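curious how this folds, go ahead:
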Amino acid sequence: MLTAASTAACGGSHHPAATPQPPPGSSSTTTTVAAPPSPAQANLDTSASLALAVPSAPNNWNPLAVGGNSAATALISAGVLPSAYQELADGSYQLNTEFVTSVEATGRRPQVVVYHLNPKATWSDGNAITANDFVYTWEADSGNSKFKDLGGQPFSPVSTLGYADIVSVRATAGDPDTVTVTFGAAFADWKSLFGPILPAQVAQSVGFDHGFTDPVNDDVSGGPFLVQSEVPGRSVTLVRNARYWGPPAALSSLVVDFAGPPAVGGALMAGQLGAALLDITQVPSSGGLLAQLRSTTGLKVDEAPGAEWEDLEFGSASPLLADPALRQAIVLAVDRSALITAAVGSPSGIVPLGNRYFLPQSAGYVDNTQAHYLHANLAQAQRVLASGGYALSGGVLSKGTTPVVLNLIAGVRDSLHEAEEAALVSDLSAIGIAVHVSVVADLAGRLAQGNFDMAIVERTGSSDPQSQPLPTFVDQPVTASSAHTTSKAAQVAAGATPAVRADVAALEKKADAATTVAAQDALYNQLDALLWLDAASLPLFQLPTVLVYQTRYANLSVMSTPGGLGYDMAQWGVPNRS
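Numbering: from 1, shown residues only. Below you'll find the model as predicted:
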């Protein structure tokens, strides 16, 4: 349910937020913050506050650790932790010149990148932001076993991509504001690195994997906001960071409330909540709540394709789906357009995906299906099956005397996944394939082992085809034990034939050695086209990101970043009415 913090903080736009009060039996920690200078945004009300609801509370506030890999942690970190580059809505990167005044890419053999830090850059605890913070962030994300967390334990980062290619990060002698990063192997997408940066003095004290449990004390800020207080499991309150050297945030405070429907819907319609990021798995686009929100005066429902996408994957250890003819028939039999309508309705921009490595908003995206597989092609599926030695009799598909019966596993049971499962069961029954659906407790483990026929998996896209190799599990946080160490290319190719998997590995190695993004993108598109020919998996669609907010707020957009809200929260506010 909504907290007292939410309703108190989102009232009239001309009143600063009250400090949230904890419910009985809970505790709250507060840091006193000196009054900062007025924001530079002259057209925004500097006393305005915003209460924003997100679906679930994190239990780890380190966005770089697998335990902190959540939307709420990423959102809060965007306003608190500094990044060298900011990822924009189109997937491109923009230098964060408030933090890094300039960057030089000085060589390819070896590849060297030199960051010139703003001498004013300071953590909210008074420590300067230096090369030490870059060094620690690299070591924790490198995957190199010689670097250890507290207690001599290995680090468990979300991804080692790019960081694993670095051989040294060092300060320039006599110039503490210049950081030199040297790569052992070329990494074309180096702009994606060092975003965000962790405060080394905190992480070394509390630990990378399990230490960021108190957002007030652990989330030392190098951004426009800092965490003032927490009501555990209920909300956190961000206020302007008085030590921030750049333009101050327009909002006086931002309360992030951890709540889901139906409480959020009622609070929005009653004007008691400023904004909410909705979980589409809990509120499908075709559901009644969204229709009510769309028709409420003073509310805007902003929907756009998100970074998470649904993938139908085939088990590498499945004896039935080792046959490419059966996989090809399944791909041909599924009506992806109808499945999307059944699962999420018809939000703008949600279309069948034609690529496993790029999302449509990324510059590298190519529809490698050439617009095939938008709808079911049962006649072609039946021809493929017949040529593969299958026979359809009495509505049952068999090979020899064995009927084709497949298991479909998923990680959760909710209305969105139930709709997807029902569509797949119906589509495949049209070619005589029986499908049994089950929800499994350890989806990550089953995926790693490959001992399943089909699985619905949520994956996370990025402008970089290598990025985010871990699948996203709804209501199943990724842990160190379930984190995959294989590359994204290898994971999405797991259902391919062995020869194709070998070709994928060779192409991926070549792509990783590319020195330009354009060359890398071309190689990953070759790789994806190969996987479509082999029917290694069936990409379905992007999940919509849904942001609902009161129209009195300005500069909020669901497409602030490819994954939703993010780097520009300092610009959120309420226009002056003068």
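
the stretch 301-450 of the chain: strands as residue ranges?
391-393, 396-399, 402-403, 405-410, 434-439 (DSSP state E, counting those that start in this stretch).

I'd like those as a markdown table, with mean neighbour count, distance to residue 75 and mean pLDDT appended.
To be clear about C-beta, it is placed using only N, CA and C from the backbone, and glycine gets the same treatment. Below are the strands of the stretch 301-450 of the chain laid out as a markdown table (neighbours: other C-beta atoms under 10 Å; distance: least, C-beta to C-beta, whole Å; pLDDT from 0 to 100):
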| stretch | mean neighbour count | distance to residue 75 | mean pLDDT |
| --- | --- | --- | --- |
| strand 391-393 | 12 | 50 | 95 |
| strand 396-399 | 17 | 47 | 96 |
| strand 402-403 | 11 | 48 | 94 |
| strand 405-410 | 19 | 26 | 95 |
| strand 434-439 | 14 | 28 | 95 |
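
any idea which of those strands gets closest to residue 573?
strand 405-410 (40.8 Å; C-beta to C-beta).

any idea how far the closest one is from the chain center?
Averaging C-alpha positions (C-alpha atoms, centre = their mean, to the nearest Å) puts strand 405-410 26 Å from its chain's average.

for stretch 394-404, same thing?
Between the centre of stretch 394-404 and the centre of its chain there are 41 Å (C-alpha atoms, centre = their mean).

ditto for stretch 417-437
28 Å.

list the buried residues for it?
By neighbour count with 16 or more other C-beta atoms under 10 Å, stretch 417-437 contains the buried residues 417-421, 423-425, 427-428, 431-433, 435, 437.

next: stretch 502-511.
Here stretch 502-511 shows 503, 504, 507, 508, 511 as buried, counting by 16+ other C-beta under 10 Å.

what's residue 538 sitting at in phi/psi?
phi -130, psi 100 (degrees, to the nearest 10).

next, count neighbours for it.
Around residue 538 there are 24 other residues, counting by other C-beta atoms under 10 Å.

in contact with the nearest residue to it once chain neighbours are set aside, which residues?
Leaving out its chain neighbours, the residue that sits closest to residue 538 by C-beta to C-beta, 6 or more residues apart in numbering is residue 312, at 4.1 Å. Residues in contact with residue 312 (C-beta atoms under 8 Å, 6 or more residues apart in numbering) are 334, 424, 454, 455, 456, 537, 538, 539, 540.

for residue 312, list each beta-bridge partner.
residue 456, residue 538 (DSSP bridges).

which residue ranges of the stretch 251-400 of the chain form helices?
263-269, 288-294, 324-333, 336-344, 378-387 (DSSP state H, counting those that start in this stretch).

residue 130: which of those is closest?
helix 263-269 (41.0 Å).

from the contact counts, what lies against that closest one?
In terms of contacts (3 or more C-beta pairs under 8 Å, 6 or more residues apart in numbering; DSSP states H and E), helix 263-269 is packed against strand 275-278, helix 288-294.

wait, residue 52 sits on residue 277?
Yes. Assessed by C-beta atoms under 8 Å, residue 52 is found in contact with residue 277 at 7.0 Å.

picking that back up, and the helices of the stretch 251-400 of the chain, which one averages the lowest pLDDT?
Ranked by mean pLDDT, the helices of the stretch 251-400 of the chain end with helix 288-294 in last place, scoring a mean of 85.

ok, and what's touching it?
Against helix 288-294 from outside (C-beta under 8 Å, 6+ apart): 261, 262, 265, 268, 269, 278, 283, 284, 299, 301, 546, 548.

buried stuff in it?
289, 290, 293.

could you single out the nearest of those to residue 377?
residue 290 (32.3 Å).

contact partners for the nearest residue to residue 196 once chain neighbours are set aside?
Closest residue in space to residue 196, ignoring its immediate chain neighbours: residue 81 at 3.6 Å, by C-beta to C-beta, 6+ apart. Each residue near residue 81 by C-beta under 8 Å, 6+ apart is listed here: 63, 196, 197, 198, 219, 221, 222, 223.

next, the angle from the helix ranked longest in the chain to helix 324-333.
Counting residues, the longest helix found in the chain (DSSP state H) is helix 517-534. Interaxial angle, helix 517-534 versus helix 324-333 (axes from the mean of the first three to the mean of the last three C-alpha atoms, to 10 degrees): 100 degrees.

what lies in contact with helix 517-534?
By C-beta under 8 Å, 6+ apart, helix 517-534 touches 188-189, 324, 327, 355-358, 363-364, 366, 368-369, 465, 489, 492-493, 496-497, 500, 503-504, 507-508, 510-512, 514, 537.
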